[in-house]
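Novice: Got a sequence here, can you model it:
(one chain, ligands or ions: 1)
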Amino acid sequence: MLKNKVIVITGASSGIGEATARLLATHQLRLVLMARRESRLNTLANEVRSKGSEALVMPLDITNRKAVLDAFEHIHTTWGQVDILINNAGLMPVSYLDKLKIVEWERMIDVNLKGLLYCIAGVLPGMKARKSGHIVNISSAAGKKVWPGFAVYNATKFGVTALSEAMRMELTPSLNIKVSVVEPGAVATELRNTITDQELLQDMSKRPFTPLQADDIANAIFYAITQPDHVNVAEIFVMPAAQR
Ligand SMILES: NC(=O)c1ccc[n+]([C@@H]2O[C@H](COP(=O)([O-])OP(=O)(O)OC[C@H]3O[C@@H](n4cnc5c(N)ncnc54)[C@H](OP(=O)(O)O)[C@@H]3O)[C@@H](O)[C@H]2O)c1
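Specialist: Numbers count the residues shown, from 1 in each chain. I've put the predicted structure just below:
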């Protein structure tokens, strides 16, 4: 079902994106790996090739609109089309609002929302022309539930969830472009490394529980993209068993 498909994964250099690339690599397909850390992408690309798939490394900052659109043009020139976009790059430097970490607020909006939109712009014309494609947006449990300290991250992820449902309504019935949103609870990845608010970090450490693993979300993405043509998995909400 996935053989020879061209699949773009943003945020492929670690965590959920990397785990998804590893899972997909055994299916003899063509993977585009996007993120900023080129050496990690190269290592992953070698692993992908050793598992029987092709890999194209695209090191870029997803907030750079021109770089993103140029990259998608390059992918179309190289491989002709994009069948599936896994719109996964994101960051989570959460903080209490009164800390006024405005640069971090802007960064979350730029990566989690604007970067994700640039990638949609990169694939939409081709998918529309072919009347075929699948866009999987990675939102979060924070796109459904709010927590103190998470306000701006919540705003970006509520945005991704709302956008995804509107996309599904606009793009799926009339253009046959499937749209899925995946909403994980806490996953053990590098995502927390960007948090600089020590007070919030301390508060978060008071509520320990066993998180999901990146593979758990890779499995959810795999489910969404391997359904029959008439099935559009609109939403997958996955929580750690121990998280409220
Ligand atoms: N971990 C969780 O608890 C959790 C829960 C719900 C949702 N999510 C969502 O899952 C997605 C993946 O996160 P993760 O948990 O796998 O965290 P992660 O390991 O930190 O991965 C984030 C990825 O995004 C990329 N990225 C960040 N800024 C970028 C930029 N400016 N340009 C290009 N790529 C950029 C990073 O690559 P480079 O640094 O190499 O650029 C990295 O590959 C995010 O959208 C996150 O919000 C995570």
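Novice: Gln29 and the ligand: what is the separation?
Specialist: To be clear, residue 29 is Leu; Gln isn't right here. 19 Å (CB to the nearest ligand atom, to the nearest Å). For the C-beta atoms, the positions are set from N, CA and C on the backbone; glycine is no exception.
Novice: go on, Val123?
Specialist: Separation of Val123 from the ligand (CB to the nearest ligand atom) stands at 16 Å.
Novice: Kindly report the same for Leu175.
Specialist: 25 Å.
Novice: And for that residue, the neighbour number?
Specialist: By other CB atoms under 10 Å, 16 other residues sit near Leu175.
Novice: Give me the helices and strands touching the longest helix anywhere in the chain, please.
Specialist: Identified as the longest helix of the chain according to DSSP state H is helix 151-175. Under the contact criterion of 3 or more CB pairs under 8 Å, 6 or more residues apart in numbering; DSSP states H and E, helix 151-175 touches helix 102-108, helix 116-130, strand 133-138, strand 177-184, strand 235-238.
Novice: centroid residue for this protein?
Specialist: Central residue of the chain (CA atoms, centre = their mean): Asn88, 1.0 Å from the mean position.
Novice: Can you name the residues of this structure sitting close to the ligand?
Specialist: 11-17, 35-37, 61-63, 88-92, 111, 138, 140, 184, 186-187, 189-191, 214 (CB under 6 Å from any ligand atom).
Novice: The same query, at a cut-off of 5 Å, please.
Specialist: 11, 13-16, 35-37, 61-62, 88-91, 111, 138, 140, 184, 186-187, 189-191 (CB under 5 Å from any ligand atom).
Novice: Now, the residues you listed that are in helices?
Specialist: If you go by DSSP H, these have 15-16 in helices.
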